[in-house]
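> Need the 3D shape of this:
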Amino acid sequence: MDKVAVLLSAYNGEKFLCEQIDSIMNQQNVDLDLYIRDDGSSDRTQEYLKQYVEQNDSIHLQNGCNLGVANSFMSLLYNVPNHYDYYAFADQDDIWEANKVQEAIRQLKDTGAALYGSNQECVDKYGNRLKIRYSEEENIHLTPISILNENMIAGCTMVFPQWFWQVLSDERNRPSESLLRIRIHDVWVAEVASVYGKITYDNRAFIKYRQHENNVVGAAPTSLRKNIATKVKKIVKPEFRNGRSKLAQEICASFPEQSAKYPELKKCAEANTCRGKLNLIRYIPTFCQYTNESKLGLLFKILSGVF
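Numbering: from 1, shown residues only. Predicted coordinates:
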């Protein structure tokens, strides 16, 4: 039976956390341990987690200061034991079908891929079905340049084998904490998988992806107010700018041999130089294939140095 480590970062998750933990521990045909890092919760999350740890030796708890969701997840990944066959990320507010991990492992074995991701069944805060996130007709882009612009592989569906965990956890390959404050961890993992190996995508949904007012990242359209707030933050705080170019820079630095196959990545990494901006403008039609942004909007971001 395959040994699996599930990594869950929790933060003020008292509303939905218990239902999610129960669904994870109910996985079929795998030997599973659950590693949870509490990212400085101020509600009853820690109280609930301590109860689970006391009742189940397969649940392990790490308490820490607030790092933010991406750095918290990656901290878990770096510190989890290395003796598992497979590793998986889990959000605190979803519900897993009992065969979720089993089906992911089957597909990883069949394809030899570095990373598995799947579709999701979106539900409301009560667990009522809303929709399947991606239709069968949707083109799920899995190339480095498409993921750089819009990652469609949700972290809560990711499962990966031990060899790829070793790639991600190697100190020479780790992203900076500053990058993870502007790019969520699943974007980094998907980008590395896309340049380092193959991503396998499953259009079936084995997860109820809960949509509610406190989602850090969700499937619902971003509100105008939130969009404006994000843009203002990038203008006021320089450290929140250049998410795509910083991601490209760190990918090219950590994986020079693999990323050399994708010249578009190098162009994105050079986006902050005058020549780099001019070179990057030629790729705007390509970028528009993978994002809802307009050509004019992308041109403005490139020229103003916030790409």
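
> Now do stretch 260-271: everything it contacts.
By Cβ atoms under 8 Å, 6 or more residues apart in numbering, the surrounding residues in contact with stretch 260-271 are 143-145, 148, 195, 242, 244-245, 247-249, 251-252, 259, 276-277, 279-280, 283, 286, 302, 305, 307. Using the backbone N, CA and C atoms, a C-beta is placed for each residue, glycine as well.

> Try it again at 10 Å.
If you take Cβ atoms under 10 Å, 6 or more residues apart in numbering as the criterion, stretch 260-271 is touched by 143-146, 148-149, 191, 194-195, 242, 244-253, 255-256, 258-259, 276-277, 279-283, 286-287, 301-302, 305-307.

> Any buried residues in that stretch, and which?
By 16 or more other Cβ atoms under 10 Å, the buried positions in stretch 260-271 come out as 262, 264-271.

> show me where pLDDT drops low in this protein?
Confidence mapping of the chain against pLDDT under 70 gives the ranges 213-241.

> Closest to the centroid, which residue in it?
residue 186 (1.7 Å; Cα atoms, centre = their mean).

> OK, contacts around it?
For residue 186, the contacting residues are 69-70, 73, 89, 115, 117, 147, 151, 153-158, 217, by Cβ under 10 Å, 6+ apart.

> repeat for residue 137
By Cβ under 10 Å, 6+ apart, the contact list for residue 137 is empty.

> so which helix or strand takes in it?
In this structure, residue 137 sits in neither a helix nor a strand according to DSSP states H and E.

> Run through the strands of this protein in chain order.
Secondary structure of the chain (DSSP state E): strands located at 3-10, 31-38, 59-63, 86-90, 95-96, 115-123, 129-132, 159-161, 199-210.

> Let's see which of the buried residues of stretch 260-271 end up in helices.
264-269 (DSSP state H).

> Turn the strands of the chain into TSV, columns for mean neighbour count.
Output for the strands of the chain, formatted as TSV (neighbours: other Cβ atoms under 10 Å):
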stretch	mean neighbour count
strand 3-10	24
strand 31-38	21
strand 59-63	16
strand 86-90	24
strand 95-96	22
strand 115-123	23
strand 129-132	14
strand 159-161	24
strand 199-210	20
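
> Pick the one among the ones in helices among the buried residues of stretch 260-271 closest to residue 293.
residue 268 (14.3 Å; Cβ to Cβ).

> Just grab the bridge partners of residue 32 for me.
For residue 32, the beta-bridge assignment (DSSP bridges) gives partners residue 4.

> Wait, it touches residue 24, no?
Yes. When contacts are counted by Cβ atoms under 10 Å, residue 32 is listed as touching residue 24 (7.3 Å).

> For those two, list the residues in contact with both.
Counting by Cβ under 10 Å, 6+ apart, the shared contacts of residue 32 and residue 24 are 4, 6, 58-59, 88, 101.

> Now the buried members of the contacts of residue 186.
In terms of neighbour count (16+ other Cβ under 10 Å), the buried residues within the contacts of residue 186 are 69-70, 73, 89, 115, 117, 147, 151, 153-158.

> so of those residues, which ones are in helices?
69-70, 73, 147.

> Closest one of those residues to residue 204?
Using Cβ to Cβ, those come closest to residue 204 at residue 147, 20.9 Å.

> can you pull the contacts of the closest one?
The contact partners of residue 147, taken as Cβ under 10 Å, 6+ apart, are 141, 153, 186-195, 199, 247, 251, 290.

> where's it relative to residue 268, distance?
Residue 147 sits 11 Å away from residue 268, going by Cβ to Cβ, to the nearest Å.

> mind checking the end-to-end distance for stretch 94-107?
Stretch 94-107 has an end-to-end distance of 22 Å (Cα to Cα, to the nearest Å).

> got the buried residues for that stretch?
94-97, 100-105, 107.

> Pick out the most distant pair among those residues.
Maximum pairwise distance among these (Cβ to Cβ): 20.6 Å, between 95 and 107.

> Residue 302: neighbour count?
24 (other Cβ atoms under 10 Å).

> do residue 285 as well
Counted with other Cβ under 10 Å, residues neighbouring residue 285 total 10.

> Could you do residue 290 as well?
By other Cβ under 10 Å, 18 other residues sit near residue 290.

> just the one 3 residues further on next, same as before
Applying other Cβ under 10 Å, we find 16 other residues in the vicinity of residue 293.

> Which residue is the nearest non-sequential neighbour of it?
If the residues on either side of it in the chain are set aside, residue 293 comes closest to residue 287, at 7.5 Å by Cβ to Cβ, 6 or more residues apart in numbering.

> The one you found and residue 138: what is the separation?
Computed as Cβ to Cβ, the residue 287 to residue 138 distance reads 18 Å.

> With residue 294 instead?
Residue 294 is 21 Å from residue 138, where distance means Cβ to Cβ.

> Apart from its chain neighbours, what residue comes closest to residue 41?
Using Cβ to Cβ, 6+ apart and skipping residues adjacent in sequence, the residue nearest residue 41 is residue 12, 5.0 Å away.
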